[in-house]
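J.: Okay, sequence plus prediction incoming.
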Amino acid sequence: MSTSAEPQPAGGAAHLERAKSAQNAEGGETGELFYADIVDRAALVRAMAVKGVDQEIGLLRLKFRDHVRESPGDLELMLKSIGLIVRATQARYGMSAQSSADLVGAISNELRGIADQIMPREEDDV
């Protein structure tokens, strides 16, 4: 238990110790975190304490919204973004690969339908 006045992230110290132990077991001499020299150590410990992918899914959704606003005609970017969101959702909810593929297909079809209404293809104009 920490006696520090600053609250410790849940599992943060334990994660840090496991990371150090793993590195030492793999031959690390110092017991330091692998990325400690390129990132803020406190932020790394906090990131290691986060459980699940809910925050990442939320961040992906916000980035998707930004991409749609900035490049509404970039269907390829939208489909890639949706694929990332679905894969993260698959990890979060333990979806099967088939359920994940079905979800990507359904969302992609809807997105294509919306894109076709907004920006009809030239061959449709004939």
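T.: It's in.
J.: tell me, how many neighbours does Met78 end up with?
T.: Neighbour count of Met78, defined by other Cβ atoms under 10 Å: 21. In this view, the C-beta of every residue, glycine as well, is placed from N, C-alpha and C.
J.: Leu60 now?
T.: In terms of burial, Leu60 registers 19 neighbours under the definition other Cβ under 10 Å.
J.: That one contacts Ala88, doesn't it?
T.: Yes. Applying Cβ atoms under 8 Å, one finds Leu60 in contact with Ala88, separated by 6.0 Å.
J.: show me where the protein has helices.
T.: In the chain, the helices defined using DSSP state H lie at 12-25, 41-49, 54-70, 75-93, 97-118.
J.: Comparing these by mean pLDDT, which bottoms out?
T.: Ranked by mean pLDDT, the helices of the chain end with helix 12-25 at the bottom, a mean of 55.
J.: Excluding chain neighbours, what is closest to the residue nearest in space to the middle of the chain?
T.: To find the centre residue of the chain, average its C-alpha atoms and take the closest one (Cα atoms, centre = their mean): that gives Glu56, at 3.9 Å. Closest residue to Glu56 in three dimensions, ignoring its sequence neighbours and counting by Cβ to Cβ, 6 or more residues apart in numbering: Ala88, at 5.7 Å.
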